[in-house]
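Participant: Next one to model:
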Amino acid sequence: QVQLVESGGGLVQAGGSLKLSCAVSGLTFWNYDMGWFRQAPGKEREFVAGFSWSAGGTLYADSVKGRFTISRDNAKNTLYLQMNSLKPDDTAVYYCAAPRAPFRGATTVTDIGNWGQGTQVSVSS
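Facilitator: Have a look, this model is predicted:
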């Protein structure tokens, strides 16, 4: 059974930083293009950042480029999202996501086979 468990969310002032973690079990972690999505109140879930074997690296939404960094530790089966220079618009529930199959991208909601439970990130102005 695949499990994705996020941690690290919280309340931070604008300009501050947070680091999210996602512990993954039940799949061969290093084979998967893991990613992060977020969903703000009243909005659709959207892609934030992810790995892409086909693109040879990482992908980011334009809104977070230069501020967020996705990383992974394959030895620990853990995915990370370092978020710097946070803005009130970054307020959302953040979800760790695994695609439906190995070596496949995870940049749209329909790509995702497994979700974490989500962790709240709130940025005050």
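
Participant: what's the helix or strand for the spatially most central residue of the chain?
Facilitator: Centroid-nearest residue in the chain: W36, 1.8 Å away (criterion: Cα atoms, centre = their mean). In the assignment (DSSP states H and E), W36 maps to strand 35-39.

Participant: Now do the nearest residue to A55 once chain neighbours are set aside against D111, distance only.
Facilitator: For A55, the nearest residue in space outside its immediate sequence neighbours is G105; the separation is 7.9 Å by Cβ to Cβ, 6 or more residues apart in numbering. For the C-beta atoms, the positions are set from N, CA and C on the backbone; glycine is no exception. For G105, the distance to D111 equals 6 Å [Cβ to Cβ, to the nearest Å].

Participant: So for the two, which residues contact both of them?
Facilitator: Shared contacts of G105 and D111, defined by Cβ atoms under 8 Å, 6 or more residues apart in numbering, comprise P99.

Participant: Could you list which residues are in contact with L18?
Facilitator: Contact analysis of L18 by Cβ under 8 Å, 6+ apart lists 8-10, 12, 83, 86, 121.

Participant: could you redo the last one with a cut-off of 6 Å?
Facilitator: By Cβ atoms under 6 Å, 6 or more residues apart in numbering, the contact set of L18 is 12, 83.

Participant: In PDB, list the C-alpha atoms belonging to the strand or helix carrying V24.
Facilitator: V24 is part of strand 18-25 when elements are defined by DSSP H and E. Extracted in PDB, the C-alpha atoms of strand 18-25 (Å, rounded to 0.1, in the frame of the first residue of the first chain):
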ATOM      1  CA  LEU A  18       9.200  26.800   5.400                       C
ATOM      2  CA  LYS A  19      10.500  23.400   4.400                       C
ATOM      3  CA  LEU A  20       8.000  20.600   3.700                       C
ATOM      4  CA  SER A  21       8.800  16.900   3.900                       C
ATOM      5  CA  CYS A  22       7.000  13.900   2.500                       C
ATOM      6  CA  ALA A  23       7.800  10.400   3.700                       C
ATOM      7  CA  VAL A  24       7.000   7.800   1.100                       C
ATOM      8  CA  SER A  25       6.500   4.100   1.400                       C
END
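
Participant: any idea of the mean pLDDT in that strand?
Facilitator: The average pLDDT for strand 18-25 rounds to 98.
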